[in-house]
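S.K.: what's the 3D shape of this:
(one chain, ligands or ions: 1)
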Amino acid sequence: MLVSAKEMLVKAKEGHYAVGHFNINNLEWTKAILETAQENNSPVILGVSAGAAKYMGGVKTVVGMVNGLLEELNITVPVALHLDHGSYEFAIECLEKGFSSVMFDGSKYPIEENIEKTKDIIRRAKEKGASVEAEVGAIGGEEDGVLGGGEVADPAECQMIADLGVDMLAAGIGNIHGVYPSNWKGLNFDVLAAIQEKTGVMPLVLHGGTGIPDNMVKKAISLGVSKINVNTECQIVFTEETRKYFEANKDKESKGYDPRKVLKPGVAAIKAKVKEKMELFGSINKA
Ligand code: 13P
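M.R.: Numbers count the residues shown, from 1 in each chain. Modelled structure (predicted):
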């Protein structure tokens, strides 16, 4: 059964580790992440962007697929199904159709409107026992057509949003989605420390997990980050392994054109990457 992300993140914050949020794109991705979480006795968050939900056929299809896998693969570790960067309308749809967690990305609205809409989403989520992530300070890079400038969050605004009763807070600290440019300045730990001071026990979320050096990830966890989002890194290893399959002409060997064979090396690569991140984040055996 799906659970809200709240309890697992409160536990993570107390235990000084982070839970991985891994974005899913299809059945293979979802299965690979769930199996890895179960094999490593780790809680996990499945992230779904609006674009990915549409790609998979729609919100009901995603909820049905995930619930089916939980039951038939006997997944017993805590799993949250979380909308990543949802609009106000889409967050409502996901809550109504069975997601156990939503992110309402109100960073494009003026702060007053962000607050009003966030309050409404929190009320609706509470009714369903679901958790809510809010964002302050746009996270840089492009994700599903949403372009953020990589601005740094204002700790006072973070406190304001945290006080509304959200369960987790994403704050821009110089992180961006996708591969970091070579001239990236790194995470702004002074701002992170100031945000943690203002928001206290609130679990903080680090987006753009791909390519952040391990020592910075560990430092961010020590400063209150309890959820780390990873997407691009899984995509890259999946695609690299799939390319190798074709380059080695494996598709020309004994029924190598079978999609189940074609996708196998990529799936194995996702599993290895997710395990590596769970080890780094410290969530193994924390289910
Ligand atoms: P990356 O694609 O950079 O790993 O970021 C993922 C993310 O933050 C999803 O919200």
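
S.K.: now do the buried residues in the helix or strand where residue 68 lies.
M.R.: Residue 68 belongs to helix 59-72 when assigned by DSSP states H and E. The neighbour-count criterion (16 or more other CB atoms under 10 Å) identifies 59, 62, 63, 65, 66, 69, 70 as the buried residues of helix 59-72. Every residue, glycine included, has its C-beta placed from N, CA and C.

S.K.: name the residues of the stretch 51-200 of the chain found near the ligand, please.
M.R.: 84, 177, 178 (CB under 6 Å from any ligand atom).

S.K.: most neighbours, which of those?
M.R.: residue 84 (27 neighbours; other CB atoms under 10 Å).

S.K.: quick check: the residue lying closest to that one once chain neighbours are set aside vs the ligand, distance?
M.R.: Leaving aside its chain neighbours, residue 84 sits nearest to residue 47 (4.2 Å; criterion: CB to CB, 6 or more residues apart in numbering). Distance from residue 47 to the ligand, counting by CB to the nearest ligand atom, to the nearest Å: 6 Å.

S.K.: hang on, residue 47 packs against residue 20?
M.R.: No: using CB atoms under 8 Å, residue 47 is not in contact with residue 20; the gap is 9.4 Å.

S.K.: for this protein, where's the lowest mean pLDDT among helices and strands?
M.R.: Ranking every helix and strand in the chain by mean pLDDT, DSSP states H and E puts strand 146-148 at the bottom, with a mean of 51.

S.K.: what's the following helix or strand after that strand?
M.R.: helix 155-162.

S.K.: other SSEs contacting that following helix?
M.R.: helix 111-128, strand 131-136, strand 168-171, helix 189-199 (3 or more CB pairs under 8 Å, 6 or more residues apart in numbering; DSSP states H and E).

S.K.: who touches the first one?
M.R.: Yep, that's helix 111-128 we're talking about. 88, 91-92, 95, 101-102, 104, 106-107, 109, 131-132, 134, 157, 160-161, 164-166 (CB atoms under 8 Å, 6 or more residues apart in numbering).

S.K.: appreciated, that's everything.
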